[in-house]
Structure formats: structure tokens, C-alpha cells
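# pasting a predicted model and its sequence here:
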Amino acid sequence: GAGVSQTPSNKVTEKGKYVELRCDPISGHTALYWYRQSLGQGPEFLIYFQGTGAADDSGLPNDRFFAVRPEGSVSTLKIQRTERGDSAVYLCASSLGPGTSVYNEQFFGPGTRLTVL
Amino acid sequence: AQSVTQPDIHITVSEGASLELRCNYSYGATPYLFWYVQSPGQGLQLLLKYFSGDTLVQGIKGFEAEFKRSQSSFNLRKPSVHWSDAAEYFCAVAPSGGSYIPTFGRGTSLIVHP
């Protein structure tokens, strides 16, 4: 079946602009995660959704970053007043929800490469 | 808070040679440990994981890793590397239970020479 998809694959924007990054999880996966991967680094956790609610948003760096998942499926990561330091690859992952197994593997999308000029 | 150290930024091996990628973690209790692989333009793929039990775990693509509590290590090994194994490899640690949100190391880039 289809994996996790992310759009756009690349986004170039200017400093100060607003961007939205979209994630389509695997059908039936209730858990959804956003990560940010800077050049030469491993992914850093941003936010985790279980269903429609943000179960853990402790990784969001500041209030310019916000994410929603209104219907418990597609999620959008929103970045306001972008800064050059926001340039990175933004990764999305999904998994089955808690209670279905001891551990549910996270399946990652290919990422959105964001460049802030 | 947990952390992961991958001391090697780059590793170069010849095709057919054996491989060991190092990973050291810091966590107060028994962690959940993972190795992921990331090929250019691809998402991260889980190679293997350790939760408990046998400290030698087998993964996909012929990889294995050994959990050594005394050394706080979880090194990845493969007896014979193929050119297609060239990729970025990430070790990750997650707290046992909860949402299993992993903390990743910075990665090791594997270069395979023919």
C-alpha cells in the first residue's frame, strides 16, 4: 500500500514568509510525528499527534511553529515568520496507535526540504 | 534525558568487507534502541530494534546489532557489505514505554568502494 507522503518535496521561501508543509500518513495510522533534520544531523522530534490531538509538542522550538491534524489523518506543519535557521528537511512519520502492540514501528515519509533565503 | 553518540561521521569500506558502526547511548534505565538507514531522497527505514531479551538482534538486509549494557553501546554490524548499503545510518534511543519518541544520533555516512 501507499506509504507516508509529504508535500511539497521542496519549498523555497523568503525570510519572514509563512509556510505550510503537509503530511499524509499511512491509512489507519492514528499516531503521527513531525521531525526536523538539519544538515549533518539526525532527526529532531518536533510534535506527536495521537488522533486529532497533540499528545506531545515539547519539541516545537518556539511559537512560530504550529501543527494541526483536524480530522486525525492529514497533518500540516505551519511555520510563521520563517528565519534562515528554519532551513532543514522536515520529516513526518506515522504508526499504529498505542494499545495495538508493545511497539508500533514509525514509517517515515521522504521529507520536505525547506530553504529560507 | 536520553542521548546518542555516533563517533564516526564517515566510514569507508570496500565491497565485501565487514562493517561495524558504533553507537553509544545515555539513558537512566533500560532503553529501547534502534538503527535506521536513510538513502538519498528516501525516508528513514528501520533496520532493527532492541527492547529486551537476547542482546544480539537481527535486522533486515543482513544487519545485526549487539546491546552491551556495560558499555552503553549498540553497535551495528554486517559481515559483508554490498555497494547498495551506501547510505546514512542513524542510531536512536527511546524511553521504554510511552510514545517511543526516539532521540537520534547525528548519523554515520557509509561509503562503499568497489
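Arrived safely, thanks for sending. Nothing here was measured: the structure is a model prediction, and the numbers come from that model.
# residue A:39 belongs to a strand?
No. Counting by DSSP: H, G, I helix; E, B strand; the rest coil, residue A:39 is located in no strand; its state is coil.
# for it, phi and psi?
With angles defined as degrees, to the nearest 10, residue A:39 sits at phi -60, psi 130.
# so what pairs up with the nearest residue to it once chain neighbours are set aside in the strands?
Excluding its sequence neighbours, the residue lying closest to residue A:39 (Cβ to Cβ, 6 or more residues apart in numbering or on different chains) is residue A:88, at 7.5 Å. Glycine gets a C-beta too; all of them are placed from N, C-alpha and C. Beta bridges link residue A:88 to residue A:114 when assigned by DSSP bridges.
# what sits against residue A:88?
Residue A:88 makes contact with A:36, A:37, A:38, A:39, A:113, A:114, according to Cβ atoms under 8 Å, 6 or more residues apart in numbering or on different chains.
# what strands line up against the helix or strand bottoming out on mean pLDDT in chain A, and which way round?
The weakest-scoring helix or strand in chain A, judged by mean pLDDT, DSSP states H and E, is strand A:53-56 (a mean of 88). The strands beside strand A:53-56 in its sheet (DSSP bridges) come out as strand A:44-50 (antiparallel).
# interface residues of chain A facing chain B?
Selection of chain A residues close to chain B by Cβ under 8 Å from any Cβ of the partner chain yields A:3-4, A:31, A:33, A:40-45, A:48, A:50, A:55-56, A:91, A:93, A:98, A:102-111.
# repeat the analysis, applying 10 Å as the threshold.
When proximity is defined by Cβ under 10 Å from any Cβ of the partner chain, chain A lies next to chain B at A:3-6, A:9, A:31, A:33, A:35, A:37-38, A:40-45, A:47-48, A:50, A:55-56, A:58-59, A:89, A:91-93, A:95, A:98, A:102-111, A:113.
# just the buried residues out of those, in ChimeraX syntax.
Per 16 or more other Cβ atoms under 10 Å in any protein chain shown, the buried members of the residues of chain A next to chain B correspond to this ChimeraX selection:
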select /A:4,5,6,31,33,35,37,42,43,44,45,47,48,50,55,56,59,89,91,92,93,95,98,103,104,106,107,108,109,110,111,113
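# residue A:97: neighbouring residues, count only.
16 (other Cβ atoms under 10 Å in any protein chain shown).
# scratch that, residue A:51 is what I was asking about
So residue A:51, with other Cβ under 10 Å, has 14 neighbours.
# and which of the contacts of residue A:88 is nearest to chain B?
Chain B has its nearest neighbour among the contacts of residue A:88 in residue A:37, at 8.5 Å by Cβ to the nearest Cβ.
# ok and the residue in chain A nearest chain B?
For chain A, Cβ to the nearest Cβ, closest residue to chain B: residue A:42, 3.1 Å.
# one step back: point out the least confident one among the contacts of residue A:88.
On pLDDT alone, residue A:39 ranks lowest of the contacts of residue A:88, at 92.
# for that residue, what are its contacts?
Residue A:39 makes contact with A:87, A:88, A:89, according to Cβ atoms under 10 Å, 6 or more residues apart in numbering or on different chains.
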